[in-house]
Every structure is written in C-alpha cells, then in structure tokens.
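Novice: got a predicted model here, sequence first, then my questions.
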Amino acid sequence: MIKEEVIQICQKAKAASYEISGLSTKVKNSILKRASSLIIDNIDNIIVENDKDIALAEKNNLEAAKIERLKLDKDRIVGIANSINSIVTLADPVGEITYESSRPSGIDVKRIRTSIGVLLTIYESRPNVTSDVSALCLKSGNVAILRCGSDSINSSTIIANLYRQALKDHNINENAVSLISKTDRSYVNELLQQDKYIDIVIPRGGKSLIQAIMNNTQIPVIKHLDGNCHTYINEDADFDKAVKITYNAKLRRVGICGATESLVIDKKIAKDVLPLIVKDLTDHGCEIRGDILAKEICPTINSATQEDFYTEYLDKIISVKIVDNIEEAITHINSHSSSHTESIVTQNQEAADKFLKEIDSANVMHNTSTQFADGGEFGLGAEVGISTGKLHARGPVGLEQLTTYKYQVTADCATRK
C-alpha cells in the first residue's frame, strides 16, 4: 500500500517537472510572489499550526535547540516571506549559456543550464526549510518532494499547501510541490528506491540520517552534514574583535548549523584573550570545555574530552583547544571539523590568506562570525542546505547549484570525417 502511494506521488511529481522546467522567469516569479503574499495573509493560521508542533515537541521532551529551530513567530514568518521575495529578484539560472564555440567542423556548441528535475528533500525540525526548498526549486524550474520530520508536520503542511495554492492560482500543476504528510519512516525508505522518478536527494540532518540515506539509495545525494564549526583566534588577532566575533558565532543562535562549536587559540596570546572570552561567554550561560592548557589559564572551565572536539553541540557549550601556531590550528581543524564553516580572527593578512587557502571546508572566513554561513547572507536568496561534500555542489546550495546543463549542438549540414 505504501509503495503504491509513494510511486503515485513520484509519478505526479515527474509529470509536473516537464511543465515546471519550461516556465518563463516571469511566470515563476509571479508564482513566488503569490506564495509570499499567501504566507503573509496566513500568519495567524501558520502560528496556530506551529503551536501544535511546539506543544507536541515539549510533550516529547525534544531538545531545546530543536524546539528553538522549530518555533515560528510573526517575525520569522515575515522573514520566510521576505526570503521568497529576495529569490524573485535573483537572476534565473535556467537557460544561461556557460560555454559556446564555433568549431572548424561546422558545428556550433553551447552549454546551457537546465533544471535537474525532481528533488527529494528530507529534513527535521525546521519548517522554514519547507518554504526555502519550494521557492528555490520553483525558481530553478525543479519539482520538490518534501519529507519533513514529525516534529514540524503541522507547520510544514500549511506552508506547502500555500505553495500549492499559489501554483493552482496560476493554473500550474500543484504537484510541483508535494509534502509527504505521513510520518511513518517506511515512506522514506520507499522514496529512496524511486530512482526512476527522483533525480537527487538533499537531506538536512545529522550524520546518522545522512549515512542511513546514502546506504539505502542509488539516487545521487547532496550531503548537508552537521556543523562542527571552528573559530580560530590567531596570535595577531584584535582582542576586542575576537571577543565580539566569538560571542556572536557561538551564542547568536546556538541551534543552527553555522554556530561555532569549537574555539582554537594560539598559545602566544591565550593567557590574555581566553579569560576575556570565557567571561563573556559564561556571563551569558555558556559552558566551556577546554584542553589541559586552557584549564591552566582558566581553572573554572570544565575539562574537554577528545569527543568534545568532534561534537556539534547545538547548545550553549563550546570546546577550547590551545595550539602552538597556525599550522597546528589548521591541522586540528581539518582533522576535527565536519567541513562546514571555519573562521580566522587576525589582523595578519598573510595568516588569513594561509587559513583561507589551506582549510578544507565549504565555507572559510576571515574576521567573520561563522553564523554568516547562510545562503541568504551570501546573496543567494535562500538555500536548500549547505553541502559539506565536493560534488555536485559545495557550500550553500542555491539556484545555480539546483541546475545541471546540457550541450546544444547545431549546424547547417554537419557530417564527421
């Protein structure tokens, strides 16, 4: 029964993909504007549905960080609508010519961006992802099959239905956006077998989710792994900047993947800057877990284990590692991070350039809070996730990353010798 239901959903999505891929930019933008308007008009209704999710999450003792990500208030809903409008203003990548050549043989070759087709997104307690994925898929001419976690089912359902309404209002196939309303995990297992209809899977969640998906599908996967992000305070850092950036990187929102989870500090300045950072973080309720050298400087902090340096806390907890120099800092970060986002705080441009070049992560930053690791902040309008892999996309996955390409070859009457 589940298999037949899933196949039907996928068949409808595949059929819609042929219609969506051919829409003009004007029509796609009009649909998105309508979706944004519907979301604003339904703020109160969205909050009602979100309250149901919050109540159930609290009853089930969901972690505080996940509840914080799940919560939708008026400001966050307006932010969702504004994100849609920002996507409207972006250039449509579909149809862009990225290469062209007239060959001596008489053929003319063009490489043109095209839609991928049907995208399956599997995500947890973040209802805003429902809108971000839907909007980016529609603008890039793709179809979205959405599978949210049970934690956000009510919030995600109403948002997805508003997109479907916007499509219907334009006499466009509403199956361009489909949300799996059943929370039974067997639906996910069956979806992952539908390589005949689904072109790519984009999961957003922890390592266990990503690994489970990769072990159970032949569909290409764009991985959005956990965010074990680092902030490195170099020996030539401005201390005031170091304190401000570390505070924002850790505590602005602890439940997002771009939050700094580990602090790395050069030994030469640790005695001077670490106490300043410790006071600022602990004054705001953050637990600090340091290595032996960090504890010698600040005996009040807790001892870190090796596991701490690999951990995405999504909470008011941060680990601290003291290193001898930038080479050790880079080695430590490359061996412990999840390849998401790392930042160096320094006034030394040579050190900054070395860090930016040698750190092997999707996002590398200089004098910048890691919480800027976001498609919207990068000018991409939004993102369907931040890819920590290297193929086919890396970093925030926005419009351009949701396209592939094909070659168009034309001639008057070309035959090959």
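Specialist: Sure, I can see it. Numbering: from 1, shown residues only.
Novice: is it correct that I46 falls within a helix?
Specialist: Yes - assessed with DSSP: H, G, I helix; E, B strand; the rest coil, I46 lies in a helix.
Novice: and it, how close does it get to I39?
Specialist: 7 Å (C-beta to C-beta, to the nearest Å). The C-beta positions use only the backbone N, C-alpha and C, and glycine is treated the same way.
Novice: between those two, what contacts are shared?
Specialist: By the contact definition C-beta atoms under 8 Å, 6 or more residues apart in numbering, I46 and I39 are jointly contacted by 77, 159.
Novice: which SS class is S262?
Specialist: Per three-state DSSP, S262 ends up strand.
Novice: distance of the nearest residue to V6 once chain neighbours are set aside from K182?
Specialist: Nearest non-adjacent residue to V6, counting by C-beta to C-beta, 6 or more residues apart in numbering: E190, 4.3 Å away. Distance of E190 to K182, computed by C-beta to C-beta: 10 Å.
Novice: check N154 too.
Specialist: Taking C-beta to C-beta as the measure, N154 falls 14 Å from K182.
Novice: quick check: mean pLDDT of the longest helix belonging to the chain?
Specialist: Counting residues, the longest helix in the chain under DSSP state H turns out to be helix 2-20. Mean pLDDT, computed over helix 2-20, is 95.
Novice: need the strands for the stretch 201-350 of the chain, in chain order.
Specialist: Along the stretch 201-350 of the chain, counting by DSSP state E, counting those that start in this stretch, strands occupy 229-233, 260-266, 287-290, 302-303, 317-323, 341-345.
Novice: just put those in CSV and tack on mean pLDDT and mean neighbour count.
Specialist: Formatted as CSV, those follow (pLDDT from 0 to 100; neighbours: other C-beta atoms under 10 Å):
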stretch, mean pLDDT, mean neighbour count
strand 229-233, 98, 29
strand 260-266, 98, 27
strand 287-290, 98, 21
strand 302-303, 98, 13
strand 317-323, 98, 24
strand 341-345, 98, 29
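Novice: turn these into TSV, columns for distance to S361.
Specialist: As requested, those are arranged in TSV below (distance: least, C-beta to C-beta, whole Å):
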stretch	distance to S361
strand 229-233	8
strand 260-266	13
strand 287-290	22
strand 302-303	27
strand 317-323	16
strand 341-345	5
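Novice: K59 is nearest to which of those strands?
Specialist: strand 317-323 (25.1 Å; C-beta to C-beta).
Novice: strand partners (parallel or antiparallel) of the closest one?
Specialist: Partners of strand 317-323 in the sheet, by DSSP bridges, are strand 260-266 (parallel), strand 287-290 (parallel).
Novice: angle of it against strand 229-233?
Specialist: Counting by axes from the mean of the first three to the mean of the last three C-alpha atoms, to 10 degrees, strand 317-323 lies at 50 degrees to strand 229-233.
Novice: let me see the contact set for the residue nearest to E358 when sequence neighbours are not counted.
Specialist: Nearest residue to E358 in three dimensions, chain neighbours excluded: I330, at 5.1 Å (C-beta to C-beta, 6+ apart). Applying C-beta under 8 Å, 6+ apart, we find I330 in contact with 354-355, 358-359.
Novice: now, which of those residues sits nearest A55?
Specialist: Closest to A55, out of all of the contacts of I330 and judged by C-beta to C-beta, is I359, at 42.2 Å.
Novice: check the gap between that closest one and H230 for me.
Specialist: 9 Å.
Novice: what's the overlap in contacts for the two?
Specialist: With C-beta under 8 Å, 6+ apart as the test, I359 and H230 both reach 333, 342.
Novice: now do the helices in the stretch 51-200 of the chain.
Specialist: According to DSSP state H, counting those that start in this stretch, the stretch 51-200 of the chain carries its helices in the segments 64-70, 74-89, 128-139, 153-169, 186-191.
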